[in-house]
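>>> Okay, sequence plus prediction incoming.
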Amino acid sequence: MSTLRELHQHGQSVWLDYIQRSLISSGELDKLIREDGVRGLTSNPSIFEKAIAESSEYAADLRRLGARYSSAKDIYEHLAIMDIQAAADAFRVIHADSHQRDGFVSLEVSPELARDTEGTVAEARRLWRAVGRENLMIKVPGTIEGIPAFEALISEGINVNVTLLFSSATV
């Protein structure tokens, strides 16, 4: 039994904090799920930036989307949604078998919305619809303004992951 599977036997669900298209297309993610017991995956813009910048596997999509969209944000979002959908599909069985306790893949709303409740809710709803997977988990900043946002989203059946915030202020 792998160490990760052993952790799951003790009630821990290990998530992968990494995404890259080749992880999915090569079958490596399926192997991590099947053999090692990985139970979910989290992403963020920095993870996607590293994946896109350090490989050529996104080059064709970057050219195609670059001809269609003028904004780097729109291009990023389309790439991220494609990868998140594929990862969510890989975790679908875990999600079903765990009675929706595991098998999630996360995608975050823009950190620029951390102080904007209505903007966060609108962005989360939009991403939820765009990805279209029930095992998506939307990451919402854990700010004062985020509290009513995740309450509203959860009441609508949107899965929420309250993200950590970092501050330079000393505690």
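Yep, that arrived.

>>> longest single helix anywhere in this structure?
helix 72-90 (DSSP state H).

>>> roughly how far is that helix from the heart of the chain?
9 Å (CA atoms, centre = their mean, to the nearest Å).

>>> Which elements pack onto the strand ranked longest in the chain?
Longest strand in the chain, counting residues (DSSP state E): strand 136-141. The contact analysis (3 or more CB pairs under 8 Å, 6 or more residues apart in numbering; DSSP states H and E) places strand 136-141 against strand 105-108, helix 117-131, helix 146-155, strand 160-163. C-beta: built from backbone N, CA, C; applies to glycine.

>>> Pull the contacting residues for the residue nearest to D116 when sequence neighbours are not counted.
Excluding the flanking residues, the one nearest D116 by CB to CB, 6 or more residues apart in numbering is E145, at 6.3 Å. Counting by CB atoms under 8 Å, 6 or more residues apart in numbering, E145 touches 114-117, 120.

>>> Weed out the non-buried ones from those residues.
Buried subset of the contacts of E145 (neighbour count, 16 or more other CB atoms under 10 Å): 114, 116-117, 120.

>>> Could you count how many residues lie near Q100?
13 (other CB atoms under 10 Å).

>>> Which residue lies nearest the spatial centre of the protein?
For the chain, S106 is the residue whose C-alpha lies nearest the centre (CA atoms, centre = their mean; 2.3 Å).

>>> Cool, thanks, signing off.
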